[in-house]
Structure formats: structure tokens, C-alpha cells
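Peer 1: compute the structure for the input listed below.
(chains A and B)
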Number of protein chains: 2
Amino acid sequence: MYEGALQDLIDELGRLPGVGPKSAQRLAFHLLASDPADVRRLADALLEVKLRARFCVVCGNVSEEEQCRICRDPRRDEALICVVEEPKDVVAIERTREFKGRYHVLGGAISPLDGIGPEQLRVRELIARLNDGTVTEIILAMDPNIEGDATAAYLTRMLVPMGLTVTRLASGLPVGGDLEYADEVTLGRAFAGRRSAQ
Amino acid sequence: MYEGALQDLIDELGRLPGVGPKSAQRLAFHLLASDPADVRRLADALLEVKLRARFCVVCGNVSEEEQCRICRDPRRDEALICVVEEPKDVVAIERTREFKGRYHVLGGAISPLDGIGPEQLRVRELIARLNDGTVTEIILAMDPNIEGDATAAYLTRMLVPMGLTVTRLASGLPVGGDLEYADEVTLGRAFAGRRSAQ
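Peer 2: You can find the predicted model right below:
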């Protein structure tokens, strides 16, 4: 409908999740009218993220090194692992400053309807981290919804027989919600009041 | 909050209109997980649009040449100019296939609250196109809202004394709406039933 480059940009923006045809058009016109330096910064950021960002080989968090900042930090308690669904949950928990252990990012939650079982998550990598006996407590910080509960139940059944202390975040998180939207205080209290998962 | 490149991308995406922090994060994670070729295509489209897309020197529409496709097309009626607010309105009208004349894109509508008067629009360029007497009719196709009506009223007062036939799109467009959202049939009928602007 538009000539060449503008239509190409509208098409590419329209492929992004949550960006419909009208939004794509609006964004494209915004970019067309923007300072070229701003557009170049966005294009560079896109290319850089593919070049530089990857996943930590230990915990599965987003990282620019083989191991992420938290896994590399010797001050973080190695005996304590907080298991989360996604990298954004790590960011949400870090903001509370309540937690001084390490993380393990599953990459999602068990959801049979979406074809996601334990094999599609980084569960095997979690078990491998428990072999040398350094870890003594696992905090399950899944989202407080059906998939999160199913994932926590599955991990509890697997981890408790291994002699680990397994806890879940205290209730206080709104049920049916999304962990990353919890405010710092609520999430911090949920950490402090965590209970045994059995 | 995230490391380097990912946070940079979230920041850049968050600068786009209508993209809040959560959307920016969601888009960034989507891009992080996307095929690198897809991300490169988006980055290229961003850079290309700034390199190639510009505004037609005659009508102000988006173009990749000095003059846009429509202004270069000798089959389009030079005696008839349809004045619109934005390039996207040209696309909407072209879709109806009702109009065979030329366009003039004002780049907005008169809106004193936003500090936009006739001087901020391409009104002078419109007058310049009328000097040689080729143009005999002007169709005012502003959005059917307050700003569009004010702009049409202003242009009517200026153009009628110049001896031009000045028409506005027929009512039928939903009042208070946005021209670009009209369906083809409604917009086509509005064209066919255009009336004198006085």
C-alpha cells in the first residue's frame, strides 16, 4: 500500500507480538519522522541483542557471558536456589533485595495444554546442580496460577525425596496473577514468609 | 536491570509511542528468542526507511522518489486535488478506487490547543499548486472531527474566493471518528456524494 521501505517496515513491525496493522503503521510513521540517530540506536540495539545476549549455562538466566552476573558473584549463597519460570521473574525478585541465593530459570511452567512438560523445561539442569550436595534449600517461586502450581507440585515431589528443604513463596501474592506484576513489598513479604512446600 | 544489550533494547523499544515498560520487555524477550534473520530484517527495515523514505515535494505524501507514485502518474487528473491530513488517509482513499485525481497532504489539522495553525501545515504548498490554473476542484477530505472541520472551514474560506470548486466528503462518515478507520464502501460513498463546502 505504501511505497517500498515504509511498507517493508510496517510489515516487519506487524510481525511482533501484540502489534496489529494499525499499531505497525503508527509506529512506522513515528519512526519515519524520528531523528535518524534514534532509529539507528533502535536498529543497533536489535542487532546487539542477538549478538551479545544469551542464556547462562548454569541457571538459564539471560546473560552476556557464559555465566550470568549472579552465578559469577561469590557473595551469593550457593546453598540456596530460587527456581523461577522466566528471566523477568529474576529481575522482579532482585528488586526486593530480600534474596541472597542463586537462581534457576526453568524457561516456563508445566502446561499440558500447550504441550509443555518437565522435559521442555530446564529441570534436568536443576537436578544436575544438586548432585554435589552444596545446595540445601530450594525456593519454588513459580507464578501463583494453575501452571505455576502444577510445576511447583511436580518439583516438590521430585526434590523432597532428595533430602532438600523445599519451600514456596508465602501467600500474599494475589492468586491467579502474574509474579512479575507484584509490587516489591508484597513480593518481599512473600519471600520472608515462605513456607514448606509439603 | 537486565545485562547490557537486552536492557538497551528494552529501553529503545520503550521509547516508541504506545509501548510501555512491560510491552517493551515482552517484545525484547520475543526478539531475543526469534530467528536472527527475522531480527536482522526488522533492523534493516528500520535503517532502510530512514535512508529511502521521504516526502513528495509536490503533495507531501510519503515517497521514495522526489515525487510520489501518484504525482508521477500521468493518468491521474491534474484538475482535481484531494486534500488530506496524513499519508495514511491517501492509502485509505486509494483503497476505494473512487478517486482519480491528485492529493495534497497537509501533515495534520488545525488544532490551536496543540499549537498547530495553518503555518504548521502544508497550506502554502497547496496554494502554490493552484497558481497556474490547472486545478479547478478541491476536495477537502479532513477527518470528520473538530480539528478536521476547523481545517476544512479555514481552507474553504481561502479557496472559494480563488474561483475553485471546493467540496467536502459527504456525510456518512461516523462523526467524531477517524477517516482511516472507515471501511471502503462508506468512504467510497462519501466520495461519490461529496457536496459544496459553502
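
Peer 1: what does the pLDDT read for the residue lying closest to A:V57 once chain neighbours are set aside?
Peer 2: In space, and not counting its chain neighbours, A:V57 is closest to A:E66: 5.4 Å by Cβ to Cβ, 6 or more residues apart in numbering or on different chains. C-beta here means a position set from N, CA and C on the backbone, and glycine is covered the same way. Here, the pLDDT recorded for A:E66 equals 93.

Peer 1: repeat that for A:R195.
Peer 2: 67.

Peer 1: centre of the chain to stretch A:151-169, how far?
Peer 2: 20 Å (Cα atoms, centre = their mean, to the nearest Å).

Peer 1: could you work out the end-to-end span of that stretch for me?
Peer 2: Length of stretch A:151-169, first residue to last, Cα to Cα, to the nearest Å: 14 Å.

Peer 1: buried ones in that stretch?
Peer 2: A:151-152, A:154-156, A:159, A:164, A:166-169 (16 or more other Cβ atoms under 10 Å in any protein chain shown).

Peer 1: repeat for stretch A:96-105
Peer 2: By neighbour count on 16+ other Cβ under 10 Å, the buried set for stretch A:96-105 is A:96, A:99, A:101-105.

Peer 1: state the mean pLDDT of that stretch.
Peer 2: pLDDT averaged over stretch A:96-105 gives 91.

Peer 1: using PDB, write out every CA atom in it.
Peer 2: Coordinates of the C-alpha atoms in stretch A:96-105 are reproduced here as PDB (Å, rounded to 0.1, in the frame of the first residue of the first chain):
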ATOM      1  CA  THR A  96      13.100  -6.800  46.500                       C
ATOM      2  CA  ARG A  97      16.700  -7.200  47.800                       C
ATOM      3  CA  GLU A  98      15.300 -10.000  50.100                       C
ATOM      4  CA  PHE A  99      17.100 -12.900  48.400                       C
ATOM      5  CA  LYS A 100      20.800 -13.500  48.500                       C
ATOM      6  CA  GLY A 101      21.000 -17.000  47.000                       C
ATOM      7  CA  ARG A 102      21.200 -18.200  43.400                       C
ATOM      8  CA  TYR A 103      18.500 -18.700  40.800                       C
ATOM      9  CA  HIS A 104      17.400 -21.400  38.400                       C
ATOM     10  CA  VAL A 105      15.300 -20.300  35.400                       C
END
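
Peer 1: picking up where we left off before, now, which of the buried residues of stretch A:151-169 lie within helices?
Peer 2: Residues of those located in helices (DSSP state H): A:151-152, A:154-156, A:159.

Peer 1: dump those residues to JSON lines, plus distance to chain B and pLDDT.
Peer 2: What follows is these, written out as JSON lines (distance: Cβ to the nearest Cβ, whole Å; pLDDT from 0 to 100):
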{"residue": "A:T151", "distance to chain B": "19", "pLDDT": "95"}
{"residue": "A:A152", "distance to chain B": "22", "pLDDT": "93"}
{"residue": "A:Y154", "distance to chain B": "24", "pLDDT": "96"}
{"residue": "A:L155", "distance to chain B": "23", "pLDDT": "96"}
{"residue": "A:T156", "distance to chain B": "27", "pLDDT": "94"}
{"residue": "A:L159", "distance to chain B": "27", "pLDDT": "94"}
